[in-house]
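**Student:** Below is the sequence, then the predicted model.
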Amino acid sequence: MSATVIRNGRVIDPANKRDEVVDLAVVDGRIAERSQIRDQKSEIDEIDATNLIVAPGLIDMHVHLREPGFGHKETIESGARAAAAGGFTTIVCMPNTSPGADNPSTIAWIRDRAAEAACVNVVPTGAISVGLAGEDLAPIGSLAKAGVVALTDDGRCVQNHELMRRAVEYARMVGLPVLDHCQDYNLVGDGVVHEGYWSTLLGLPGWPSAGEEAIVMRNILLAECCDHHIHCQHVTSAGSVRLIHEARSRGVKISGEVCPHHIALTDEAIQNFDTNYKINPPLRSKPDVDALLEGIADGTLSILCSDHAPHAGFEKEVEFDRAPFGIIGLETELGLFLDLLVHKHRRIDIVRLIEMFTVEPAKLLKLDGGTLSVGAPADVTLIDPNLEWTVRIDNFQSASRNSPFDGWKLKGRAVRTMVGGKTVWKL
Ligand SMILES: [Zn+2]
């Protein structure tokens, strides 16, 4: 028997509409009644949470852990440590590994490796198409049996609408949501930055907003046609927000997520050709950022995530158009979202922010977590919403350093992360 009591924190548990200063009890790795603590005969650990928020363990449903195949960028072990340091107790990993996660044995390998090496819960997704090549369907039934929580070709996008339709129909049969990286290859071509003022000025190939919106529209049509949920990953453009808003108001099973860099930065950042601003989809214009903030405020965009995309220094330190897309995000996203959404722009309160990191992804992916209900796994994040800190990439747990936020001053940070009642990270 082990018992812990987290004393005097502000417990925010949106799943149970709970927001009160109270002690939280943990017995044998699960949330318990406070009376169970009083009956304990063995020693009780105490954690002082005065002036802290006690939240359900945060979930990041869009993370690239790079294993198998690219362990020089990140491993399941180092990525999980980065997650814990960022306040995350569950991370959902994307299938664009090598081999790709398009078959049950790769899924089994990821789950085994996570059980051995990861200090947080690692949940795999499976590919939509074989080799994420967009040509033949992956074995969706076997992937579901192997334990994936969703299907996605993230990093790539199925261009053939008929193939996508069949994927959504099979996904519906096995009860898995479909997540989509929305990119029309014909419209985007070799675009590397948002098509607009800065791409023209710098002479870099443009990635037009329409290249995202065309696929968001396709997904809305297929969600309606197949009566099944499609979730649009890393939404960036005002047009996408408008399309999703309109479809949701008609009850279409469509949703969208936002990454912190897409609201913290605009395409103006690319003018120094720093490849840490090269992201797919790209940083967009100020009106797009305003539309994303509006979409977060009115509930059109319901999930926050990082799109944590590690790359080694030698891969990013090349010419802008030759560098790989993506930045790491697990250790900065909570601070950025708290700072920008809650403190600076005041678009949502902290209760909604926690809900977007817990209840919303847990509901979409049918995860066992995201709540502090009695009996739930004791995955808990302690947050100091007012802690002012400076991002230092040299102190990151991630194996990679490709972040544009080094030196940023942020307000709000996780100070302790607990998985199954055990502290896996502490500031
Ligand atoms: Zn993506």
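**Tutor:** Right, received. Where do you want to start?

**Student:** What score does the nearest residue to residue 78 once chain neighbours are set aside have for pLDDT?
**Tutor:** Spatial nearest neighbour of residue 78, chain neighbours left out: residue 399 (4.3 Å); criterion: CB to CB, 6 or more residues apart in numbering. Using the backbone N, CA and C atoms, a C-beta is placed for each residue, glycine as well. Residue 399 is assigned a predicted lDDT (pLDDT) of 92.

**Student:** wait, what's in contact with residue 399?
**Tutor:** Applying CB atoms under 8 Å, 6 or more residues apart in numbering to residue 399 gives the contacts 72, 73, 74, 75, 78, 79, 310.

**Student:** Am I right that it falls within a strand?
**Tutor:** No - looking at residue 399 with DSSP: H, G, I helix; E, B strand; the rest coil, it is coil, so not inside a strand.

**Student:** tell me the contacts of residue 22?
**Tutor:** 9, 11.

**Student:** one more time with 7 Å, if that's ok
**Tutor:** By CB atoms under 7 Å, 6 or more residues apart in numbering, the contact set of residue 22 is residue 11.

**Student:** Quick check: next helix or strand after the helix or strand hosting it?
**Tutor:** Using DSSP states H and E, residue 22 sits in strand 18-27. Using DSSP H and E, the next helix or strand after strand 18-27 towards the C-terminus is strand 30-32.

**Student:** For that next one, give me every contacting residue.
**Tutor:** 25, 26, 372, 373, 374, 375, 376, 377, 378.

**Student:** can you check stretch 99-117 too?
**Tutor:** Against stretch 99-117 from outside (CB under 7 Å, 6+ apart): 67-69, 76-77, 93, 95, 122, 124-127, 130-132, 138-139, 142-143, 145-148.

**Student:** Counting neighbours, what do you get for the residue of the stretch 151-300 of the chain found nearest the ion?
**Tutor:** Nearest residue of the stretch 151-300 of the chain to the ion (CB to the ion) works out as residue 181 at 3.6 Å. When neighbours are counted by other CB atoms under 10 Å, residue 181 registers 23.

**Student:** Please, where are all the helices along the stretch 201-350 of the chain?
**Tutor:** In the stretch 201-350 of the chain, helices defined by DSSP state H, counting those that start in this stretch lie at 209-226, 238-249, 261-264, 286-297, 313-316, 333-337, 350-357, listed in chain order.

**Student:** Ok, the stretch 51-200 of the chain next?
**Tutor:** 76-86, 104-117, 140-146, 161-174, 185-188, 197-202.

**Student:** pLDDT on the strand holding residue 22, on average?
**Tutor:** Rounded mean pLDDT across strand 18-27 is 96.

**Student:** Any part of stretch 129-142 near the ion?
**Tutor:** No - using CB under 5 Å from the ion, stretch 129-142 stays clear of the ion, with a minimum separation of 11.1 Å.

**Student:** Poorly predicted segments of the stretch 101-250 of the chain, please.
**Tutor:** Regions of the stretch 101-250 of the chain meeting the criterion pLDDT under 70 are absent.

**Student:** Which residues of it lie near the ion?
**Tutor:** Within the stretch 101-250 of the chain, the positions lying close to the ion (CB under 5 Å from the ion) are 154, 181.

**Student:** Now do residue 411: how many residues are near it, please.
**Tutor:** Residue 411 - counted by other CB under 10 Å - has 17 other residues nearby.

**Student:** just residue 220 next, same as before
**Tutor:** Count around residue 220 with other CB under 10 Å applied: 21.

**Student:** Hmm, residue 252 and it touching each other?
**Tutor:** Yes - in this structure, residue 220 is within contact of residue 252 by CB atoms under 7 Å, at 5.8 Å.

**Student:** picking that back up, with distance to residue 280 and mean neighbour count as extra columns, can I get the helices of the stretch 51-200 of the chain in CSV?
**Tutor:** Listed next are these as CSV, based on distance: least, CB to CB, whole Å; neighbours: other CB atoms under 10 Å:
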stretch, distance to residue 280, mean neighbour count
helix 76-86, 19, 26
helix 104-117, 23, 17
helix 140-146, 24, 18
helix 161-174, 19, 18
helix 185-188, 9, 15
helix 197-202, 14, 14
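
**Student:** Now do the same contact list for residue 13.
**Tutor:** Per CB under 7 Å, 6+ apart, neighbours of residue 13: 56, 371, 372.

**Student:** Could you dump the residues you listed into CSV with distance to residue 321, pLDDT and neighbour count added?
**Tutor:** Listed next are those as CSV, based on distance: CB to CB, whole Å; pLDDT from 0 to 100; neighbours: other CB atoms under 10 Å:
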residue, distance to residue 321, pLDDT, neighbour count
56, 42, 98, 31
371, 45, 97, 21
372, 47, 97, 25
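
**Student:** Rebuild the residues you listed as a markdown table, extending it with distance to residue 195.
**Tutor:** Shown next, in a markdown table, are the contacts of residue 13 (distance: CB to CB, whole Å):
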| residue | distance to residue 195 |
| --- | --- |
| 56 | 40 |
| 371 | 42 |
| 372 | 45 |
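
**Student:** and the residue nearest to the spatial centre of the chain, what is it in contact with?
**Tutor:** Against the mean C-alpha coordinate of the chain, by CA atoms, centre = their mean, the closest residue is residue 305 at 2.7 Å. Counting by CB under 7 Å, 6+ apart, residue 305 makes contact with 60, 61, 62, 257, 259.

**Student:** taking those one by one, which sit in strands?
**Tutor:** 60, 61, 62, 257 (DSSP state E).

**Student:** which residues does the first one form a beta bridge with?
**Tutor:** Note on residue 60: beta-bridge partners by DSSP bridges are residue 91.
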